[in-house]
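Q: no FASTA, just this:
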């Protein structure tokens, strides 16, 4: 896929045809929210919708994965929270009828834009992560300014999308939202190119010999992901079952985590491989996938691992894993921070062959297909009446009860 050239805001022309929808993000950093917006952009384009992708700064490892027909626009702001003037200028020039914003700081800016812009538009704010960290919010003083900004701006949005029922409940408790509609829409994970990506061969460390099992974790190297618990659990695993642990992702805690692996004596078995453009290839080959987070908004990687046919172990953290795994029906749930239970669950998975994907699980995974979720977004964005304005008849929206256009791969 060839990525489009980025248009600086200074080169945006006012007399061009307005987009049908604008997606607003801080950057193109390799995060779950960013990947979801790219999946939605590709879906909207396939349905004949002119789509703008507006970023505060054209930065991040996902720059090369932007769909070719998207109009990519950079506000060229040094800081997201200082981007309001540039965002207001974008609204005035581009005149999008609908804006879908994602990621907390961009959501605040989009609400400020809704309050101050003379351009009338419908704003949907997508909540993709918890509003508070684990523990009591009054004790999280570093979150007070952000929560104050949310409380004073979110009322401007026309509607909200929460990616899990837990986040929907959080939004419903915010003061000032009144009767604003809040809809739970899961993330669109399984897309048209999913199987092809999963079938690619991962680049494994030379120390992992053919046939040796490895446990996989994917996510930012930060406290929220609970990697200290995973490393301590894995130190117990290798004493019972020779294996390796691969962690994909970058973050500020990398040196600390590498140091912990060394102090636990498991460095030869733990591999920090950094950012991987295609984590699905690793998921397909892994013996077991583990999410050790303290908190999540949804847990995209759980869906990806399940769809790759890999057994999943997850902490029962707020919010998302329990919903995705249907209370443990499709994977193992352990208490947050319970190192013993996590180690036992990993050993149990390593001691049995990977099971074949059941028909029940295949049907469950349809909940997270781009076709199912994309239709829900188009309905919520209110774009049925004008859809698809410039597309051939065969691109018309399928009813949500029909079979997805992108079926779940029939994995062994």
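A: Alright, I've got the coordinates. Just so you know, these numbers come straight off a predicted model, no measurement behind them.
Q: mind giving me the packing neighbours of the worst-scoring helix or strand of the chain on mean pLDDT?
A: The weakest-scoring helix or strand in the chain, judged by mean pLDDT, DSSP states H and E, is helix 144-153 (a mean of 86). With contacts taken as 3 or more C-beta pairs under 8 Å, 6 or more residues apart in numbering; DSSP states H and E, helix 144-153 sits against helix 104-116. Bear in mind the C-beta positions are built from the backbone N, C-alpha and C, glycine included.
Q: quick one: distance of the helix it packs on to the chain centre.
A: 20 Å (C-alpha atoms, centre = their mean, to the nearest Å).
Q: next one: the next helix or strand after it to chain centre, how far?
A: Sequence-wise, the next helix or strand beyond helix 104-116 is strand 122-127, with elements assigned using DSSP states H and E. Here strand 122-127 is found 16 Å from its chain centre; the criterion is C-alpha atoms, centre = their mean.
Q: got the angle between strand 122-127 and helix 144-153?
A: Calculated by axes from the mean of the first three to the mean of the last three C-alpha atoms, to 10 degrees, strand 122-127 forms an angle of 150 degrees with helix 144-153.
Q: ok, strand 122-127: who's next to it in the sheet?
A: Within its sheet, and counting by DSSP bridges, strand 122-127 is paired with strand 98-102 (parallel), strand 159-162 (parallel).
Q: so where's the protein uncertain?
A: Counting by pLDDT under 70, the chain shows low-confidence ranges at 1, 132-143, 384-412.
Q: quick check: domain ranges of it?
A: Following automatic domain parsing, the chain resolves into domains at 7-191+369-395, 194-360.
Q: save these as a markdown table, and put in mean neighbour count too.
A: Compiled in a markdown table, these are given as follows (neighbours: other C-beta atoms under 10 Å):
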| stretch | mean neighbour count |
| --- | --- |
| domain 7-191+369-395 | 19 |
| domain 194-360 | 19 |
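Q: returning to what we had before: a markdown table for the strands paired with strand 122-127, including distance to residue 305?
A: What follows is those, written out as a markdown table (distance: least, C-beta to C-beta, whole Å):
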| stretch | distance to residue 305 |
| --- | --- |
| strand 98-102 | 23 |
| strand 159-162 | 23 |
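Q: okay, how far is it across stretch 174-186, tip to tip?
A: In terms of C-alpha to C-alpha, to the nearest Å, the two terminal residues of stretch 174-186 are separated by 21 Å.
Q: contact partners of that stretch?
A: Stretch 174-186 is contacted by residues 131, 150-151, 154-155, 157-165, 167-168, 171-172, 298, 367-368, 373, 376-377, 380 when judged by C-beta atoms under 8 Å, 6 or more residues apart in numbering.
Q: next: stretch 280-287.
A: 194, 197-202, 204, 213-216, 218, 243, 246, 248, 276, 289, 301, 304-305, 308-311, 349-350, 354.
Q: fine by me, we can end here.
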